[in-house]
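Student: Structure of the sequence below:
(2 chains)
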Amino acid sequence: MSTPATQALEHRTTPWLFAAALVTTLPHVEHQPVWLSLLAGIMMLWGGWLWWRNQPLPNRWMLTLSVILASGCVLLEFHTLFGRDAGVALLVLFMSMKLLELKSKRDGMVIITLGYFLLLTHYFYSQSIPTGAWLLASIWLLTASLIRLNGGPGSSFKITLRYAGLITLQALPFMLVLYLLFPRVSGPLWGLPQDAYAGKTGLSNQMSPGSISTLVQSGEIAFRVRFDGDIPPKGKLYWRGPVLEAFDGFNWEPQAGKSSAERIEVLGPLTTYETTMEPQNQRWLLALDAPTQLAPEFALNGRLTATSRDLIVQRQRFRLAASLDYRFNVIESTATLNRNLHLPNGRNPQTISLAKRWRDSSENPPQIIQKALALFSSTDFAYTLQAPLLGQNSIDDFIFQSKRGFCEHYAAAFVVLMRAAGIPARVVTGYQGGELNPLDGFLVVRQSDAHAWTEVWLENRGWIRIDPTAVVSPSRVDSGITSAMATGEPLPALIQIRSEWLRSLRHRWEAANNAWNQYILGYDPKRQRELLSRLGIPDTDWKNLAATLAISCLSVLVAVTVWTLYQRPQRDPASKLWQKALRRLARRKVNCAPWETPLALINRLQTEYPALATPYAHVAAAYLKARYGREPADLNELRKAISQLP
Amino acid sequence: MQALALLKQSLFRWKSDGAAPFRLGQRRVFILPTRAGLLFAFTLFVMLIGAINYNLALGHALVFLLAGLGITGMIHTFRNLFGLFISPGRSLPVFAGETALFPLQLRNDRPSPRMALVLEADINHPVECSLTGNSATVVHLPVMARQRGWLELPRVRLSSVYPLGLFSAWSYLQPAMRCLIYPAPMRTPLPPLSPRANDGNASGNGGQEDFSGFRDRQPADSPRHIAWKASARDVSDRPLLLKEFSGGAELEWALDWALTEAGLSDEGRISQLTGWVLAAEAEHAFYGLRLPGHEIQASGGQAHLEKCLEILALFNP
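Tutor: Numbering: from 1, shown residues only, chains lettered A, B, ... in the order given. I've put the predicted structure just below:
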């Protein structure tokens, strides 16, 4: 059956293209402006309606007008037509409008190519396991649409899907080889648009009452750690972030200017570990207190915080070492000490007079510290996320009135008390604790583990860590925030789970996510070099890499080609049985030449081997009947005839 | 142009495939990306730059998967043609000015289908067909018949972009097939009956009176005899039916080259003779044909008609 070939789009191909457009634009609904989703949806519905009613598509000038209008809307919304979000918005709009211009096969090809491109844009927002699964499913559907587009009505729904599945499956080995061996380039090739890393949460370099308790309400993972040896006790897991020294009565900020280099005396064995940081769009690395070895791109900033030159905008892995037992800056510059005694004038008079009274009654700084901690450990003070708002004299309000607060309240109040009593003190922010995932042995530290504690400087002992929260709520430090908080507290649902099997389900899911992050998303130039050297290609210059890549791709190509083109010879069952009979004959030293027909063979047998002629004549007759007749039962006759052969 | 033709000749190894069935081996299936394929490759390149620039691990995976998809698609497009059996058929004669149809049988020997095969003998009239697994189909390739004589099937381009449309595989088929093209008939009144036939027992205007049945209309038949009602009843796309009248069998014409209009060119004369032959056959008459160097004895019937038309088609004045 043949028809004149045509380039026009076949009517029933259109639903495939609509499906392709839908799967590639749908995930963007989550983060694009509502009007944009609505507009794209209306365009698609309109196109679908026209298709359903078999009505003519809108004409060219109308489409041009709507493209201009839509681009104008994007310009108004994003103030640009370039950059990540505006670009994605434009692509989504073009995709929905192209559906109103489906006339030829070429339009269909444009839809599919645009769809493939749109798939890429999803990874700006998420690269999780579900996104990866969506990638495979979408590629399958898009490829099926391509096959339907080019195959015409002859390819049925099921055949099309199965064929697309086969082609996608055959493409996977290429992906694997290229993913592992294609030379990886790290970092952006040029400056990224400003919105490239928008919307990352994490510790900030400021602290005010309420800032950490807000952060704690997020269950997001901040970083994951794998220790080389045993995991230290939870109470020692202080992940050091920015150190805040400047206080204006309300806000705590890091002190500008350089400090002298740290002098750390290591008193205990080193703890080595590897940390995988989630992107936080900040410069510091949350290293275990006190860091002794750092990744090369980091340096300590004089306050024992590991800081990088560049923002950490991607998930990255670092190898680090720490000493849990240490002495830090026993000799400290007077400038630094004076800075850490400074208090804003005229603020918090009650607190200052309380501290002055302590200093007058006892001269010993450790005793003053004990007094302050004893104050917080009294039953009046509560550890809660729902602290009331504080006024102008925030510390006075907290210590003498509300007495309810989260770690930042306690840390701030403690530092103010110490400074007023003449002991240099400062606030340290970071994370405390973490949760061990028993499945993969990674310690998971979340935003909900964000914490603030303090450091005081004592003569001959240097800076020592004092965590006032540990006094107010010892379980916060020993077993984590979930057990430290009463059930009504606004903690994220994810970390509040107290049921055992739900918790183990969550562990499983997070271990899978971690493996995905570590081995698939975290495959970077460094890992590539490691893999290649393990494969026995130690010197990874580009020549070796290109050769390896070419050889691997060629082998895959050959394998897929053979798989695709090889035909298992399909033999008719009757011929198979006939061959079996001929093999029997061959055992009697009678060979049938390839050009000898069955009847010619029988004729020859009759003159040369009369004893064999009759049984073989039966077989030949049955074979001819089975091979060229129409009855399937003839095969049995042939089998019987063969079984009766001498 | 000459150099290009020579290059193509050596590149594609154009030569006649003869009249026997043949199989498309890998040496004669060619493949190149289509325009859509180039667009796809360019898109992949842009996507790769994007994935590197934004450091998207899944973006890399997507680009590599799509690259694999393109390569796999290439193999599958090649497979769509590879191993196809082609057997030339026999084409039926047509008149000049009509479309000659060359039947080619395509046979698919494997269980998977071969879809969207496009055959072009004439670049303006491509024909598309699909084959299910283990099946065969006959494709009729249309070629305009412009002049009488033998019409050789031109080189046929068999191509396919199935399944992904990113690559186009093609092959040139040159089966030795020809179609006899009869001269275009010129409708002019028949010459006077030949004196030999008009010997008394023929009814003067016989062949016009006694209705004897219907037959298919042929191009030279006069529209006066079309059975419109009977034709309308028959919905298939057969030619129109013609009323047939008996009683003409006794007539006999000697259709002679010498009787044709003197002012006509040789081709015109051949056309006129063709018209006469058809008209005489339509009258169910006996007719003979005399051309310089050829003579056919008077006779009637389809075989005689075809013989006469063949002589006229191949006549070399």
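
Student: In three-state terms, label B:Ala169 for me.
Tutor: strand (DSSP: H, G, I helix; E, B strand; the rest coil).

Student: Can you pull out the low-pLDDT segments for the chain?
Tutor: If you meant another chain, say so; for now it's chain A. Within chain A, the segments meeting pLDDT under 70 span A:1-2, A:5, A:186-201, A:257-259, A:363, A:479, A:483-498, A:538-540, A:567-571, A:632.

Student: wrong chain, I was asking about chain B
Tutor: For chain B, the ranges with pLDDT under 70 are B:1, B:194-212, B:222, B:234-237, B:244-250.

Student: list the contacts for the residue of it found nearest chain A?
Tutor: Nearest residue of chain B to chain A (C-beta to the nearest C-beta) works out as B:Gly68 at 2.8 Å. C-betas here are computed from N, CA, C, even on glycine. Listed by C-beta atoms under 8 Å, 6 or more residues apart in numbering or on different chains, the contact set of B:Gly68 reads A:Gln170, A:Ala171, A:Leu172, A:Pro173, A:Phe174, A:Met175, A:Leu178.

Student: burial count for the nearest residue to A:Val216 once chain neighbours are set aside?
Tutor: Nearest residue to A:Val216, sequence neighbours excluded (C-beta to C-beta, 6 or more residues apart in numbering or on different chains): A:Ser448, at 4.9 Å. A:Ser448 has 26 neighbouring residues, counting by other C-beta atoms under 10 Å in any protein chain shown.

Student: Wait, a helix at A:Ser448?
Tutor: Yes - assessed with three-state DSSP, A:Ser448 lies in a helix.

Student: From chain B, how far out is it?
Tutor: Remark: distance between A:Ser448 and chain B (C-beta to the nearest C-beta, to the nearest Å) = 27 Å.

Student: In strands, which of the contacts of B:Gly68 appear?
Tutor: Assigned to strands by DSSP state E, none of the contacts of B:Gly68 qualify.

Student: Give me the subset of those that also touch chain B.
Tutor: A:Gln170, A:Ala171, A:Leu172, A:Pro173, A:Phe174, A:Met175, A:Leu178 (C-beta under 8 Å from any C-beta of the partner chain).

Student: A:Thr80: what secondary structure?
Tutor: A:Thr80 ends up coil, using three-state DSSP.

Student: any chance of the contacts of B:Gly68 in JSON lines, plus neighbour count and distance to A:Leu545?
Tutor: Shown next, in JSON lines, are the contacts of B:Gly68 (neighbours: other C-beta atoms under 10 Å in any protein chain shown; distance: C-beta to C-beta, whole Å):
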{"residue": "A:Gln170", "neighbour count": "22", "distance to A:Leu545": "24"}
{"residue": "A:Ala171", "neighbour count": "24", "distance to A:Leu545": "22"}
{"residue": "A:Leu172", "neighbour count": "16", "distance to A:Leu545": "21"}
{"residue": "A:Pro173", "neighbour count": "18", "distance to A:Leu545": "19"}
{"residue": "A:Phe174", "neighbour count": "23", "distance to A:Leu545": "17"}
{"residue": "A:Met175", "neighbour count": "21", "distance to A:Leu545": "17"}
{"residue": "A:Leu178", "neighbour count": "20", "distance to A:Leu545": "12"}
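
Student: A:Ala611: which of those residues is nearest?
Tutor: A:Gln170 (55.3 Å; C-beta to C-beta).

Student: Give me the nearest residue to the closest one, chain neighbours excluded.
Tutor: Closest to A:Gln170 by C-beta to C-beta, 6+ apart is B:Thr72, at 4.4 Å.

Student: Quick check, the one you found in contact with A:Ile167.
Tutor: Yes - with contacts counted by C-beta atoms under 8 Å, B:Thr72 reaches A:Ile167, the gap being 5.1 Å.

Student: Please identify which of those two sits among more neighbours.
Tutor: Neighbour count, other C-beta under 10 Å: between B:Thr72 and A:Ile167, B:Thr72 has more, with 28 against 25.
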